[in-house]
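>>> Any chance you could fold what I've pasted below:
(one chain, ligands or ions: 1)
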Amino acid sequence: MAKRATKRGDERTDLSGSRDLLVCGASFAGLMVARQMAGSGADVLLIDRYEIGERQTSACAIPTAWLENLGLIESERQRFDTVLVHTAHGSTRLKMPFSVSTFDYRVLCELLWQGCDATFETAKVNGRVETSAAGLIAVETDRGVIEAPLVVDALGWKRVLAAGAQFQPPDAPLSRGLEVHPRASSGEFVIWINRRYVPAGYGWAFPAGDEVRVGIGSFDPGFNVRPTTDLLAEDIGSGESAYQGNWIPHELRPATADGVFFVGDSAGHCLPATAEGIRTALYFGTALGTELRAVHEDHQTKGQAIENYHQFNEAHRPQFELMLKFQRLLPKIHPRLVKPILKAVGSGPLGRRLLYRYFEFAPPEFARILAPPPAKRSLKEVLLAMPNAGDDRDFDRPDDRGNQVEI
Ligand SMILES: Cc1cc2nc3c(=O)[nH]c(=O)nc-3n(C[C@H](O)[C@H](O)[C@H](O)COP(=O)(O)OP(=O)(O)OC[C@H]3O[C@@H](n4cnc5c(N)ncnc54)[C@H](O)[C@@H]3O)c2cc1C
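As a prediction, the model looks like this:
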């Protein structure tokens, strides 16, 4: 049974002591790791400074198949097959190779949590501290020092549990994003690539039922996204609402360091250029949870898990680097060329292949195959069992007349 405790004031008792696994951060990555441990019998403690699902951390758009494959479809708010891209010199509607959904953050987190049998406590993580206990890692929180042989940092971009200096803007490789959620409705999933809003980056309006998530993402952490988030909201006539934003890592980082495992934004798992970090947090969270479970069940040592997870992370480096190159190239493209390039991507076979490749990076089948009750399979076996990411099975559908519509 999953145990959850919201404690305030005097009820915030000391959590000092040791556990089998300490997962710090209860958003996409942390919840996914904890979920992979369900049924293992491990004493798993999941902590976050907020309640599960309390603080939305993104615009919450994800390929629909991820929601379906993880049994999270109940959280879906709206689904889209096309993306409307506005540039400074015209607009283009692109057909996406797979549908994308917006979802309700709170519901999705709750559904992930329902699949866990861990204990949850609200606690703020301050960082690592020394311990004399052999084989344990000690983490200082505002509710005491918690020790565990296996510790996961799923705390987001800051990489709180890394030894030495943490990632700090504006010098760290970080993008930034800010959005508002005015009450409105729309059927269009929209992106703006227009320097009126951001010199390097893009704007978005993602409808989600009775609200539209309108925001600006800048690859340059020095660019102030607040005035142009307001400008975009004003231009599209949406009302006002509270701001929500954060720094977004755009470079892959080491997935392990000094015995700690990093996942999601703390490991730089957010994709450069698109700033899509939810499916990758779920993907790498699944992989890490599988490795940690194998340690708990004595199928491997912690050292082997470190090596396997490190290798798994590094195997994805080429894709992350390619996306980073694309991110750097994007602001250099002359504004007049943006629409023709998008048009070419939308209509030509090469462009369509690229879109498929992008969507098949961190494929949703991965989590379905590994999802608990855990398959007694190694990561390598799962990868071999997956449909070939490069296979052309959908490229030549008879009804596929290209994925770009002029407007
Ligand atoms: C404005 C914006 C919009 C975005 N939109 C999208 C989108 O539509 N689709 C997409 O795929 N990606 C999007 N992203 C990126 C996405 O939000 C991240 O990549 C994703 O949230 C990473 O998940 P995570 O679990 O690693 O970290 P997070 O979701 O950031 O979760 C970190 C958790 O750690 C907790 N925490 C942090 N520090 C501490 C501490 N010291 N002590 C205790 N708890 C702590 C936080 O409360 C939080 O629950 C967006 C990002 C931004 C900023």
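>>> Not counting sequence-adjacent ones, nearest residue to Leu330?
Ala273 (6.5 Å; Cβ to Cβ, 6 or more residues apart in numbering). C-betas here are computed from N, CA, C, even on glycine.
>>> OK, contacts around the one you found?
Applying Cβ atoms under 8 Å, 6 or more residues apart in numbering, we find Ala273 in contact with Phe219, His250, Met323, Leu324, Phe326, Gln327, Leu330.
>>> any idea how far the fourth one lies from the ligand?
Think Leu324. Leu324 sits at a distance of 15 Å from the ligand (criterion: Cβ to the nearest ligand atom, to the nearest Å).
>>> Next, that residue: secondary structure please.
helix (DSSP: H, G, I helix; E, B strand; the rest coil).
>>> Distance check, the residue lying closest to it once chain neighbours are set aside against His296.
In this structure, Leu324 finds its nearest non-sequential neighbour in Pro272, 4.2 Å apart by Cβ to Cβ, 6+ apart. From Pro272 across to His296, the span is 34 Å (Cβ to Cβ, to the nearest Å).
>>> now swap in Ala29 and tell me
According to Cβ to Cβ, Ala29 and His296 sit 19 Å apart.
>>> if we can go back for a sec, let me see the backbone angles for the residue nearest to Leu330.
Phi and psi for Ala273, reported as degrees, to the nearest 10, are phi 80, psi -50.
>>> before we move on, what about Gly239?
As for Gly239, its main-chain torsions (degrees, to the nearest 10) stand at phi -70, psi -170.
>>> Using TSV, lay out the contacts of Ala273 together with neighbour count and distance to Ala59.
Shown next, in TSV, are these (neighbours: other Cβ atoms under 10 Å; distance: Cβ to Cβ, whole Å):
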residue	neighbour count	distance to Ala59
Phe219	24	17
His250	26	16
Met323	20	18
Leu324	18	21
Phe326	15	20
Gln327	20	18
Leu330	17	19
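>>> how about JSON lines for those, with pLDDT added?
Below are the contacts of Ala273 laid out as JSON lines (pLDDT from 0 to 100):
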{"residue": "Phe219", "pLDDT": "96"}
{"residue": "His250", "pLDDT": "95"}
{"residue": "Met323", "pLDDT": "95"}
{"residue": "Leu324", "pLDDT": "97"}
{"residue": "Phe326", "pLDDT": "94"}
{"residue": "Gln327", "pLDDT": "96"}
{"residue": "Leu330", "pLDDT": "92"}
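>>> What is the nearest of those residues to the ligand?
Nearest to the ligand, judged by Cβ to the nearest ligand atom, of the contacts of Ala273 is His250 at 10.2 Å.
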